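[1] Sequence and computational prediction follow.
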Amino acid sequence: MSIDAPTISLSTLVAASPLLGHELEDRASIQAGQDRDLVAHFTGRACRPLSSPAQRGQFVVAPLDLLLSPCGDAIDGGPGDAPGVHLLELNGTGIGGVTNLPRGCIDAILSALEEMPRYVQDPTGLVVVAVSGKERIASPRANRLLHEKLLFVDALRSGLEKSCGSADVCNLDQLAAERGSLRPARPTVVIGYIKDLIQAARLGDDGCVRIHGRRLAAAVNDRFCGNLVQHFAGGIDIDSFLPVNRCYTAGSDKGVAYRMVNSFAKHSRGPAAPAMHHAHAHSRDELIDTVRAWISLGRKTVIKPHGTGLGHGIEFFLSADEPADSVARKVDASLAETAEFYGMPGGSLPYTICEYVDACRVADPRHPLAGHRYELRVVVYRDGGVLRAVPSIAKVARERADCGPAERRSLINNITASGDTSKIKGTDFVMPLCNAATLEALGLSVHVLEGVSRFAVGLVGHTLDRWATEPSAFDLVPGEAGVTVARPYRASA
């Protein structure tokens, strides 16, 4: 080790984390469970080149969360009993669990991030790495994967140094302390929690965002970008800073992501999931009316808020006999929860309404989690000029699926929510996907998972292409003086 360039391993940082403030979560065992040969198989077959060199500056990574259903239209011309595939979320650069991935995939993601500063307009501006957590004021949640974001910060700092010759790294308090300093502004990477960053942000008359007096040049975290735009009611000139990813609305708004699925299903010549029936609701009354209408048609219904995480605000309406007043109570509870946790006007409107999918269960009766529903996470990342997909993990619900339709923990496959006691860790409900034993437990073949991965990389490629040709599909519209602004969200009724 060079004396002038000391390093600290992630394992050391995780071990010492309780002394530094809060305990971090170690994903080394999951990473170690990823079989190299399977990783090479999937990333070599589930790939496609970028459509243009410009897309190198528009995308880094998207972890797709997918449900498999026991019946439905299978992708990739699979056998009739192959599972159907349904997108839950596209997500983006706010990815938690990057250290679940094999080292080669992580290196490609960090290299893509290191490239991003060359696309920044204002080299003396701020490059923000936003972190989820601290959602609830009364009991703020510390992010147990914060060390993963330090990898992102380091990659961006390195990129700024290569582009500009030097760069600083700081947090929000340090940035505030520097305000008014006579020292010339240098390129700076700032790391902070989403809520704190938004509270510190100010919108100028020029449509540019500033944080403690410094202009926002780039932001890493799709949800942060979406929440920031909503916070300022569509007044931001989106072209004034670089959102990483550029198609961030698809990563933060499930309705926009489902719109991309349907467009991909319509235009794709490769594997595509069946079209998704969904609706957008921009007000409380519209949300209640839509849910009641769907229930009256016999549809099992799920509502999902915009720009949230950890399953916050998601509500299920699985009974055709759900009373009208019960629908209103659930909707109001969801709006109240998201308003409290995220502090956004309208309680994270617009909401997406979609049909409930009865997901596949862990199939092997010998497995400790047999009978539990699961979802797959397939990570699509940019490797130079190529998009690649790698199956990352299976996220398994904490409770068995036969414990009753109202049991939320049998329906939500969220790692953080699963580990909500001192005796249970979220990682107890995670399986590495590039692993023969996991595939056997889930009852999946390599062929089926390859098709799922090819769908994921195709969908992301289609999303990038669509953004280049039709930004209005992402709720971006031309504003005054030729700038691009986000379409404002309507306040709740």
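    Everything's here; your move.

[2] I figured Leu439 was touching Val446, is that so?
    Yes. The criterion here is C-beta atoms under 8 Å, and Leu439 meets it with Val446 at 6.9 Å. From N, CA and C alone the C-beta is placed, and that goes for glycine too.

[3] Looking at these two, which one has more neighbours?
    Leu439 (20 against 15; other C-beta atoms under 10 Å).

[4] got the contact list for that one?
    Leu433, Ser445, Val446, Leu449 (C-beta atoms under 8 Å, 6 or more residues apart in numbering).

[5] switch to 10 Å and redo it
    Asp35, Leu38, Pro391, Ala394, Met431, Leu433, Ser445, Val446, Val448, Leu449 (C-beta atoms under 10 Å, 6 or more residues apart in numbering).

[6] Give me the subset of those residues lying in strands.
    Counting by DSSP state E, the part of the contacts of Leu439 found in strands is Pro391, Ala394, Met431.

[7] Now list the buried members of those residues.
    Using 16 or more other C-beta atoms under 10 Å as the burial test, the ones in strands among the contacts of Leu439 include Pro391, Ala394, Met431 as buried.

[8] quick one on the thing from earlier: including pLDDT and distance to Leu318, could the ones in strands among the contacts of Leu439 go into TSV?
    Putting these into TSV (pLDDT from 0 to 100; distance: C-beta to C-beta, whole Å) gives the following:
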residue	pLDDT	distance to Leu318
Pro391	98	29
Ala394	97	23
Met431	96	26
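
[9] and which of those is nearest Arg210?
    Pro391 (40.9 Å; C-beta to C-beta).

[10] what do Leu439 and Val446 both touch?
    With C-beta under 10 Å, 6+ apart as the test, Leu439 and Val446 both reach Leu38, Pro391.

[11] hmm, back to that, what is the nearest of the buried ones among the ones in strands among the contacts of Leu439 to Lys195?
    Distances from Lys195 to these, taken by C-beta to C-beta, are shortest for Ala394, at 30.3 Å.

[12] hang on, isn't that closest one packed against Val430?
    Yes. The pair Ala394 / Val430 is scored as a contact, 7.2 Å apart, by C-beta atoms under 10 Å.

[13] Next secondary structure after the helix or strand hosting Lys162?
    Lys162 belongs to helix 146-164 when assigned by DSSP states H and E. Following helix 146-164 in sequence order, the next helix or strand is strand 168-171 (DSSP H and E).

[14] who does that next one touch, helix- and strand-wise?
    strand 126-131, helix 146-164, helix 172-178, strand 188-193 (3 or more C-beta pairs under 10 Å, 6 or more residues apart in numbering; DSSP states H and E).

[15] Pairing partners for it, with directions?
    Looking at strand 168-171 with DSSP bridges, its partner strands are strand 188-193 (parallel).

[16] Next, the angle from the partner strand to helix 146-164.
    160 degrees (axes from the mean of the first three to the mean of the last three C-alpha atoms, to 10 degrees).

[17] Any idea what the nearest residue to Lys254 once chain neighbours are set aside is bridged to?
    In space, and not counting its chain neighbours, Lys254 is closest to Thr352: 4.3 Å by C-beta to C-beta, 6 or more residues apart in numbering. According to DSSP bridges, the partner residues bridging Thr352 are His280, Lys304.

[18] now swap in Ser69 and tell me
    Gly84.

[19] Near it, how many other residues are there?
    16.

[20] show me what contacts it?
    Shown in contact with Ser69 (C-beta under 10 Å, 6+ apart): Pro83, Gly84, Val85, His86, Pro274, Val357, Asp358, Ala359, Cys360.

[21] Show me how to select, in PyMOL, the buried members of the residues you listed.
    A single PyMOL command selects the buried members of those (16+ other C-beta under 10 Å):
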select buried, resi 83+84+85+86+274+357+359+360
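
[22] for the contacts of Ser69, which one is nearest Ala257?
    His86 (11.5 Å).

[23] Please state the offset of the one helix or strand the closest one maps to from the chain centre?
    Assigned by DSSP H and E, His86 belongs to strand 84-89. Distance of strand 84-89 from the chain centroid (C-alpha atoms, centre = their mean, to the nearest Å) equals 14 Å.

[24] likewise stretch 356-363?
    That offset, for stretch 356-363, works out to 21 Å (C-alpha atoms, centre = their mean).

[25] just the strands in the stretch 351-493 of the chain please.
    351-355, 374-383, 386-396, 430-432, 476-478, 484-486 (DSSP state E, counting those that start in this stretch).

[26] I should have written the stretch 1-150 of the chain there, sorry.
    Under DSSP E, counting those that start in this stretch, the stretch 1-150 of the chain gives strands at 47-49, 61-74, 84-89, 126-131.

[27] Indicate which one of the ones you listed is closest to Ala28.
    Ala28 lies closest, by C-beta to C-beta, to one member of the strands of the stretch 1-150 of the chain: strand 61-74, at 18.6 Å.

[28] residues of that closest one that come out buried?
    By 16+ other C-beta under 10 Å, the buried positions in strand 61-74 come out as Val61, Ala62, Pro63, Leu64, Asp65, Leu66, Leu67, Leu68, Ser69, Gly72, Ala74.

[29] hmm, which two among those are most spread apart?
    Val61 and Gly72 (27.7 Å).

[30] so what's Leu464 up against?
    50-52, 54-55, 58-59, 62, 245-247, 250, 260, 382, 387.

[31] In three-state terms, how would the residue nearest to Leu87 when sequence neighbours are not counted be classified?
    Nearest non-adjacent residue to Leu87, counting by C-beta to C-beta, 6+ apart: Val261, 5.2 Å away. Of the three states, Val261 takes helix under DSSP: H, G, I helix; E, B strand; the rest coil.

[32] Please verify my assumption that Val261 contacts Leu459.
    Yes. Contact criterion C-beta under 10 Å: Val261 and Leu459 qualify, at 6.5 Å.

[33] most tightly surrounded among the helices and strands packed on strand 168-171?
    strand 126-131 (a mean of 27; mean count of other C-beta atoms under 10 Å).

[34] Can you tell me the strand partners of that one and which way each runs?
    strand 188-193 (parallel), strand 214-220 (parallel).

[35] Wait, Cys170 touches Pro187, no?
    No. Cys170 is not in contact with Pro187 according to C-beta under 10 Å; the separation is 11.5 Å.

[36] count of neighbours near Ser319?
    For Ser319, the neighbour count with other C-beta under 10 Å is 12.

[37] Could you tell me the model confidence score at it?
    Looking at Ser319, its pLDDT is 89.

[38] That one should be in a strand, yeah?
    No. Using three-state DSSP, the assignment for Ser319 is coil, not a strand.

[39] correct me, but it touches Lys330?
    No. Applying C-beta under 10 Å as the test, Ser319 and Lys330 come out as separate, 11.7 Å apart.

[40] Flag the shaky bits of the stretch 1-150 of the chain, pLDDT-wise.
    Flagging of the stretch 1-150 of the chain using pLDDT under 70 yields the residue ranges 1-6, 71-82, 137-139.
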